[in-house]
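K.L.:
the following comprises the amino acid sequence and a computationally predicted model.
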Number of protein chains: 2
Amino acid sequence: MRLVIAQCQVDYSGRLTAHLPWAKRLIIVKADNSVSVHADDRAYKPLNWMSPPCTLRVREPVTDEAAAVAGIDPRIDQVWEVDSAGGDHLQILLGQPDLDVTEDLGVDPGLQKDGVEAHLQELLAENPQAFGPGWTVVQREYMTPIGPVDLLCRDAEGCYVAVEVKRRGEINGVEQLTRYLDLMNRDHLLGDEVHGVFAAQQIKPQARVLAETRGIGCVTVDYDALRGMDHPEDRLF
Amino acid sequence: MRLVIAQCQVDYSGRLTAHLPWAKRLIIVKADNSVSVHADDRAYKPLNWMSPPCTLRVREPVTDEAAAVAGIDPRIDQVWEVDSAGGDHLQILLGQPDLDVTEDLGVDPGLQKDGVEAHLQELLAENPQAFGPGWTVVQREYMTPIGPVDLLCRDAEGCYVAVEVKRRGEINGVEQLTRYLDLMNRDHLLGDEVHGVFAAQQIKPQARVLAETRGIGCVTVDYDALRGMDHPEDRLF
DNA sequence: GTGTCCATTTCGAGG
DNA sequence: CCTCGAAGTGGACAC
């Protein structure tokens, strides 16, 4: 990993074109050749970047005399040309760096996550009573021609119910479930009419309204409580 | 902006929980107090981070003796505690740094962009003949109760057509246009039936199929050609 | 503030 | 390799 802090000007052309005027910024070159140009704000998002795979060519410093002949601004110390296979191009004009260090970081052991949608689906599959008494799970990731239904359940009366699980329930999730229900009921893949339930840790009001107008049930899920039901020994009382 | 390269262990808890085992990484603290932890790959995305606004507390180095008494790993040189208003928490255990520099970058003059969806919409508004001969634009960003239709047009026969403009046409865009059409035709906001056209630089096959089953036309747009039509003087022939 | 939608989204999984 | 859906999405803009 190489870190450079210097005055620079950046021009990108690819999916769009973008320009950064001359100013002092941080430039990161990672081991995967990716380049990112950071200002001192905007959290972790760079102002401009090139994603890997890409190649980086550095045109070396020129003498003042040669620069003058070529019409190059004498402030320019280096020119970086970054190219991707897709035709994207990033050009960075660099002044004298205030920092230029290279460090070998090695391979990272990687990030361990807990609490994403997959875990929520897993917990619900193990605790279908969260939907109501007598509910059972027929299958997780039940395949249809247009994609997998998160959970296929049966309610207390034995009716099939397709459950769409989301961390945050928004309109798109309702649309997605609606497409599954339309298909399953049009083709009578499961005989009787299949109902729908939209399950999420939080459901936006507009999504709830849309679901209800389509006869889809809404269930808000408490992840921590569900984890407690799943492993009662973890609870303190 | 402060750049630190050091062995570290990171734990995040907030919208999810995540853990990074002990390894050498880059840590960036920006002027907005945001913190990001980078490995030497994954383009510009950090492994872990805290978005502003947040506060950073640094617990100073302890002596080996004090560390032993407190049960702290003697490799630990500093402990950073980063907290956001939303209750998110990031803890970074740091070893002896290989790099620790602070640079003042000042305020960035900012990024200039060209070629995003707004420009595509603008070009299409100026060149409705891209949809067919005799087409006219009634209004850009035509407001409905559930959001703005990108372009409201009339075709050669004078029929209203709602046009949804996307850079890349995917299923969500078709759903979005469908909601507008459902509403406009249910409430007869414009008298006769309003048709729909889905216009994008590239349309995914599944989006195209969904659009066609709903009677929505698909138009793929060549941005550069359209720019050429708009400013013929820019063309070389 | 909430809601909606764009993004050079990035990223990962699955066919 | 493409396609699709999730993300600690973030950010801008309208209401």
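P.N.:
Right, received. Where do you want to start? Numbers count the residues shown, from 1 in each chain, chains lettered A, B, ... in the order given.

K.L.:
near DNA strand C, which residues of chain A?
P.N.:
When proximity is defined as C-beta under 7 Å from any atom of the strand, chain A approaches DNA strand C at A:12, A:14-16, A:18, A:48-51, A:88, A:90, A:143, A:170-171, A:204-206. The C-beta positions use only the backbone N, C-alpha and C, and glycine is treated the same way.

K.L.:
helices - which of those residues land there?
P.N.:
Secondary structure from DSSP state H places A:171, A:205, A:206 of these in helices.

K.L.:
count of residues packed around the nearest residue in space to the last one that is not next to it in sequence?
P.N.:
Leaving out its chain neighbours, the residue that sits closest to residue A:206 by C-beta to C-beta, 6 or more residues apart in numbering or on different chains is residue A:171, at 6.0 Å. In terms of burial, residue A:171 registers 19 neighbours under the definition other C-beta atoms under 10 Å in any protein chain shown.

K.L.:
how about the contacts made by residue A:171?
P.N.:
Residue A:171 is in contact with A:204, A:206, A:207, A:210, counting by C-beta atoms under 8 Å, 6 or more residues apart in numbering or on different chains.

K.L.:
how about residue A:141?
P.N.:
Residues in contact with residue A:141, defined by C-beta under 8 Å, 6+ apart, are A:148, A:149, A:150.

K.L.:
in strands, which of the residues you listed appear?
P.N.:
A:148, A:149, A:150 (DSSP state E).

K.L.:
please indicate which of these are buried?
P.N.:
A:149, A:150 (16 or more other C-beta atoms under 10 Å in any protein chain shown).

K.L.:
nearest to residue A:184, of the ones in strands among the contacts of residue A:141?
P.N.:
residue A:149 (7.9 Å; C-beta to C-beta).

K.L.:
re the thing from before, most neighbours out of the contacts of residue A:171, which is it?
P.N.:
residue A:207 (23 neighbours).

K.L.:
I'd assumed residue A:173 was in contact with that one.
P.N.:
Yes: the pair residue A:207 and residue A:173 passes the contact test of C-beta atoms under 8 Å, sitting 6.6 Å apart.

K.L.:
common neighbours of those two, please.
P.N.:
Contact with both residue A:207 and residue A:173 is made by residues residue A:198, according to C-beta under 8 Å, 6+ apart.

K.L.:
where along chain A do the strands fall?
P.N.:
Counting by DSSP E, the strands of chain A are A:2-13, A:17-29, A:35-38, A:48-50, A:54-59, A:78-84, A:89-102, A:112-114, A:136-144, A:147-154, A:160-169, A:195-203, A:217-220.

K.L.:
residue A:170 reaches residue A:201, doesn't it?
P.N.:
No: using C-beta under 8 Å, residue A:170 is not in contact with residue A:201; the gap is 11.9 Å.

K.L.:
so what's the gap between the lowest-mean-pLDDT helix or strand in chain A and the chain middle?
P.N.:
When the helices and strands of chain A are scored by mean pLDDT, DSSP states H and E, helix A:64-70 comes last with a mean of 72. Relative to its chain's centre, helix A:64-70 lies at 46 Å (C-alpha atoms, centre = their mean, to the nearest Å).

K.L.:
just stretch A:51-65 next, same as before
P.N.:
Chain-centre distance of stretch A:51-65: 31 Å, with C-alpha atoms, centre = their mean.

K.L.:
report how many residues lie close to the residue nearest to residue A:152 when sequence neighbours are not counted.
P.N.:
Once flanking residues are discounted, residue A:152 sits nearest to residue A:142: 3.9 Å by C-beta to C-beta, 6+ apart. By the criterion of other C-beta under 10 Å, residue A:142 has 20 neighbours.

K.L.:
pLDDT wise, what is the residue in chain A positioned nearest to DNA strand D at?
P.N.:
The minimum distance from chain A to DNA strand D, using C-beta to the nearest atom of the strand, falls at residue A:116 (3.3 Å). You'll see residue A:116 listed with a pLDDT of 90.

K.L.:
what separation is there between the residue of chain A most remote from its centre and residue A:74?
P.N.:
Within chain A, residue A:65 marks the point farthest from the mean C-alpha position, 49.0 Å out by C-alpha atoms, centre = their mean. According to C-beta to C-beta, to the nearest Å, residue A:65 stands 10 Å off from residue A:74.

K.L.:
just residue A:34 next, same as before
P.N.:
30 Å.

K.L.:
and these two? Which one has more around it.
P.N.:
A side-by-side neighbour count of residue A:34 and residue A:74, using other C-beta under 10 Å, places residue A:34 first with 24 against 12.

K.L.:
spit out the contact partners of that one.
P.N.:
Contacts of residue A:34 by C-beta under 8 Å, 6+ apart are A:49, A:50, A:51, A:52, A:54, B:41, B:43, B:44.

K.L.:
closest to residue B:109 among the residues you listed?
P.N.:
Checking those against residue B:109 with C-beta to C-beta, the nearest one is residue A:49 at 17.8 Å.

K.L.:
how about the contacts made by the residue nearest to the closest one when sequence neighbours are not counted?
P.N.:
In space, not counting the residues next to it along the chain, residue A:49 is nearest to residue A:36; the distance is 4.0 Å by C-beta to C-beta, 6+ apart. Residues in contact with residue A:36 (C-beta under 8 Å, 6+ apart) are A:27, A:28, A:46, A:48, A:49, A:50, B:43, B:44.

K.L.:
make CSV out of those and add neighbour count and distance to DNA strand D.
P.N.:
Listed next are the contacts of residue A:36 as CSV, based on neighbours: other C-beta atoms under 10 Å in any protein chain shown; distance: C-beta to the nearest atom of the strand, whole Å:
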residue, neighbour count, distance to DNA strand D
A:27, 24, 19
A:28, 22, 17
A:46, 21, 10
A:48, 22, 14
A:49, 20, 14
A:50, 27, 18
B:43, 17, 13
B:44, 20, 12
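
K.L.:
CA atoms only: put stretch A:5-19 into PDB for me.
P.N.:
Taking Å, rounded to 0.1, in the frame of the first residue of the first chain, the C-alpha atoms of stretch A:5-19 are listed here in PDB:
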ATOM      1  CA  ILE A   5      -0.300  13.400   0.100                       C
ATOM      2  CA  ALA A   6       0.200  16.100  -2.500                       C
ATOM      3  CA  GLN A   7      -1.400  18.900  -4.500                       C
ATOM      4  CA  CYS A   8      -3.100  17.300  -7.400                       C
ATOM      5  CA  GLN A   9      -5.500  17.600 -10.200                       C
ATOM      6  CA  VAL A  10      -7.700  14.600 -11.200                       C
ATOM      7  CA  ASP A  11      -9.700  13.800 -14.300                       C
ATOM      8  CA  TYR A  12     -11.900  10.700 -14.800                       C
ATOM      9  CA  SER A  13     -13.600   9.500 -17.900                       C
ATOM     10  CA  GLY A  14     -15.600   6.300 -18.000                       C
ATOM     11  CA  ARG A  15     -19.100   5.700 -16.900                       C
ATOM     12  CA  LEU A  16     -19.200   9.500 -16.500                       C
ATOM     13  CA  THR A  17     -16.600  12.200 -16.700                       C
ATOM     14  CA  ALA A  18     -15.500  14.100 -13.600                       C
ATOM     15  CA  HIS A  19     -12.900  16.700 -12.800                       C
END
